[in-house]
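Undergrad: Return a 3D structure for these sequence lines:
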Amino acid sequence: LPNLKRVYQQYHDQGFEVIGISLENPRYASTDTPAERAAKLGRAREVLTDFTAKEKMPWPQYFDGEWWQNPIAKRHAINAIPAMFLVGPDGRIVTTNARGDRLEAEVKRLLAR
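TA: Numbering: from 1, shown residues only. Predicted structure coming up:
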């Protein structure tokens, strides 16, 4: 996260964007009433909001409370977190392994096009 925040801060104005997809577990139970589910969803959203504020994560976060059934996670076969996709300007996935120094190198390369 520290490296991602550094790269974001350095390259965001040049077109680098981060979008978080949260798979926070609302811990629903099969016996929950609609009101209980709504309260649990609200608590899970609060956990996410508190974490992003504490970690000073300025990029948008998508959260739907679907946990591992989140359609984005399912579509991209995400089965572990954190997962990362670096997408190029053409909308195609460039790599799923740009961590550490490799992230900055890939972002520089893509922005230089």
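Undergrad: Tell me who's in contact with the residue nearest the centre of the chain.
TA: Centroid-nearest residue in the chain: G20, 2.0 Å away (criterion: Cα atoms, centre = their mean). By Cβ atoms under 8 Å, 6 or more residues apart in numbering, the residues touching G20 are 52, 57, 59-62. To be clear about C-beta, it is placed using only N, CA and C from the backbone, and glycine gets the same treatment.
Undergrad: ok, now with 6 Å
TA: G20 sits next to Q61 when contact means Cβ atoms under 6 Å, 6 or more residues apart in numbering.
Undergrad: Who does it form a beta bridge with?
TA: Beta-bridge pairing for G20 (DSSP bridges): Q61.
Undergrad: From P34, how far off is it?
TA: From G20 across to P34, the span is 27 Å (Cβ to Cβ, to the nearest Å).
Undergrad: same deal with T96?
TA: Computed as Cβ to Cβ, the T96 to P34 distance reads 37 Å.
Undergrad: More neighbours: these two, which one.
TA: T96 (12 against 7; other Cβ atoms under 10 Å).
Undergrad: mind pulling up the phi and psi values for the closest residue in space to that one that isn't next to it in sequence?
TA: Of all residues not flanking T96 in the chain, F85 sits nearest, at 5.6 Å (Cβ to Cβ, 6 or more residues apart in numbering). Per-residue torsions, F85: phi -130, psi 120 (degrees, to the nearest 10).
Undergrad: Give me the local confidence score for F85.
TA: Here, the pLDDT recorded for F85 equals 91.
Undergrad: buried ones in the strand or helix carrying R37?
TA: Using DSSP states H and E, R37 sits within helix 34-54. Neighbour-count burial for helix 34-54, counted by 16 or more other Cβ atoms under 10 Å, picks out 40-41, 44-45, 48, 52.
Undergrad: now that helix, how far from the centre of its chain.
TA: Chain-centre distance of helix 34-54: 16 Å, with Cα atoms, centre = their mean, to the nearest Å.
Undergrad: And the average pLDDT for it is what?
TA: The average pLDDT within helix 34-54 is 97.
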